[in-house]
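**Student:** sequence? don't have it. structure:
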């Protein structure tokens, strides 16, 4: 289940709650005020994932280039029939 952050406009409390994606809280369980909660958008950290993926792809490409060089050298030393 996702973790959501909420802020109460009445008591100003900020808290996190685990619940399903379709569920949305509107009443504050701390001050018992009705229809006072607003969900705070969460932060998304894409840069770490993206840079790691780029590194993995670069390593794969470099490895493939080295393998091709070895194969090319090996084939150039063989006699052609």
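**Tutor:** Received, thanks. Please read these numbers as outputs of a predicted model, since none were measured by experiment. Numbering: from 1, shown residues only.
**Student:** so what are the domain limits for the protein?
**Tutor:** The chain breaks down into these domains under automatic domain parsing: 3-40, 50-81.
**Student:** Just name the most buried of the ones you listed.
**Tutor:** With neighbours defined as mean count of other CB atoms under 10 Å, the domains of the chain peak in mean count at domain 3-40, which reaches a mean of 13. Yep, even glycine has a C-beta here, placed from its N, CA and C like the rest.
**Student:** Quick check: end-to-end length of that domain?
**Tutor:** Counting by CA to CA, to the nearest Å, you get 11 Å between the two ends of domain 3-40.
**Student:** And the average pLDDT for that domain is what?
**Tutor:** When pLDDT is averaged over domain 3-40, the result is 94.
**Student:** Tell me if I'm right that residue 37 and residue 30 touch.
**Tutor:** No. Taking CB atoms under 8 Å as the definition, residue 37 is not a contact partner of residue 30, at 10.1 Å.
**Student:** Find residues that contact each of these two.
**Tutor:** Shared between the contact lists of residue 37 and residue 30 (criterion: CB atoms under 8 Å, 6 or more residues apart in numbering) are residues residue 8.
**Student:** contacting residues around residue 11?
**Tutor:** 28, 30-31, 33.
**Student:** Show me the helices in this structure, by range?
**Tutor:** Assigned by DSSP state H, the helices in the chain fall at 47-77.
**Student:** Leaving aside the residues adjacent along the chain, what's closest to residue 20?
**Tutor:** Leaving aside its sequence neighbours, residue 20 sits nearest to residue 1 (CB to CB, 6 or more residues apart in numbering; 6.0 Å).
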